[in-house]
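Novice: sequence? don't have it. structure:
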């Protein structure tokens, strides 16, 4: 263990994170798409990107791929499938989220050896699910057929408790964050800054707002570590903090795990006249409250070591939606369901007139052979072509480096 800890000391973090990110992106073309958001945004600046419809100015995810959707719990313990990562959220064109999700679904289909016809039909189902929320604002996700992968993860989320999360992350005998491959030691300045952060009244209020905790419960920092987590976000400041509430002995049931994540400037294109918080963490929190209120209402923006950070407590029900292999039938169901998830996130921000106008725009540019907008199909095809080539080049460079 000592050798592993030495491997990730402060001055070696960035190089280790870069190697890890490159390895993750080399594992599959789909992983490359998830990790290389910049290439997607670069494409949006091309002539092809400018041919898209101009949707209403609303908060969008900005990085709407499969891995950024999944079960989320709110402060009262209710669980729903929502957008779970809002690092790139901006007030922008909702068409960008549709293309990003369509690309992710298409790459998942290719990784599952599904024929191109299936990809075309998936995009049709994606649009059908998305448009259903604009055609019928009362449409419920609960009434829609769920793919098997979603059913499994929802069942798992509903059955999980704090003890499941704790056993995954901390040591039972003496509550600590175990240093090793994922959790790394901190510098003294980092420890001091984090300890001071949780002395702030707004932090105490955030932590005590969940799980029916009493507002006057004390908050004590038990342990903390740097957290190597994610893919596209590797390289930013990321910390895991173990807190004890009320009981200074840090009894197992009184513990909670908090995620501190650096917020940086969004690369996702935004509408030029859109008014958003200038602070990046405040932008992320505001976008989350519009797109994924279960998550957004559990987050707070703060400053840590002169960096803008987002702070949230991790709940055991918060899980990533893993769809690595798809059967043909499930692919259709998954595309329609996820389209409706994103549609709900968008539609709740629009009044009736705006919803109708956007729905009318979406119904245009259809062909006799494809019940999906031509701009969506051509965009996804173009992006698949460019990402496949870039992925192979990434693998070549990675192999040469290794």
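Specialist: Noted; the coordinates are in hand. This is a predicted model, so every value here is computed, not measured. Residues are numbered from 1 along each chain as shown.
Novice: And the helices in the stretch 1-150 of the chain?
Specialist: 2-7, 13-26, 29-35, 37-44, 47-50, 94-111, 116-135, 148-159 (DSSP state H, counting those that start in this stretch).
Novice: Out of these, which one sits most buried?
Specialist: Burial of the helices of the stretch 1-150 of the chain is given as mean neighbour count (mean count of other CB atoms under 10 Å); helix 94-111 ranks first at a mean of 25. C-beta coordinates here come from the backbone N, C-alpha and C atoms, glycine included.
Novice: So for that one, mean pLDDT?
Specialist: Averaged across helix 94-111, the pLDDT comes to 91.
Novice: Surely residue 257 is in a helix?
Specialist: No - inclusion of residue 257 in a helix is not indicated when DSSP: H, G, I helix; E, B strand; the rest coil is applied; the result is strand.
Novice: I figured it was touching residue 165, is that so?
Specialist: Yes - under the criterion of CB atoms under 8 Å, residue 257 is in contact with residue 165, at a separation of 6.5 Å.
Novice: For residue 375, find the nearest of the helices of the stretch 1-150 of the chain.
Specialist: Proximity to residue 375 (CB to CB) singles out helix 94-111 among those, at 7.5 Å.
Novice: Show me the domain layout of the protein.
Specialist: Annotated domains of the chain cover 18-159+320-401, 182-313 [automatic domain parsing].
Novice: Give the other helices and strands that the top helix by length along the chain contacts.
Specialist: As far as residue count goes, and with DSSP state H defining each element, the longest helix of the chain is helix 374-401. Helices and strands touching helix 374-401, as assessed by 3 or more CB pairs under 8 Å, 6 or more residues apart in numbering; DSSP states H and E, comprise helix 13-26, helix 29-35, helix 37-44, helix 47-50, helix 94-111, helix 116-135.
Novice: Swap in 6 Å and give it another go.
Specialist: Secondary structure elements in contact with helix 374-401, counted by 3 or more CB pairs under 6 Å, 6 or more residues apart in numbering; DSSP states H and E, are helix 13-26, helix 29-35, helix 94-111.
Novice: Now distance to residue 336 too, for those, in JSON lines please.
Specialist: Output for those, formatted as JSON lines (distance: least, CB to CB, whole Å):
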{"stretch": "helix 13-26", "distance to residue 336": "29"}
{"stretch": "helix 29-35", "distance to residue 336": "20"}
{"stretch": "helix 94-111", "distance to residue 336": "11"}
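Novice: Looking at those, spot the one closest to residue 51.
Specialist: Counting by CB to CB, residue 51 lies closest to helix 94-111 out of those; the figure is 10.4 Å.
Novice: Now do that closest one and helix 374-401, the angle between them.
Specialist: Between helix 94-111 and helix 374-401, the angle formed by their directions is 60 degrees, by axes from the mean of the first three to the mean of the last three CA atoms, to 10 degrees.
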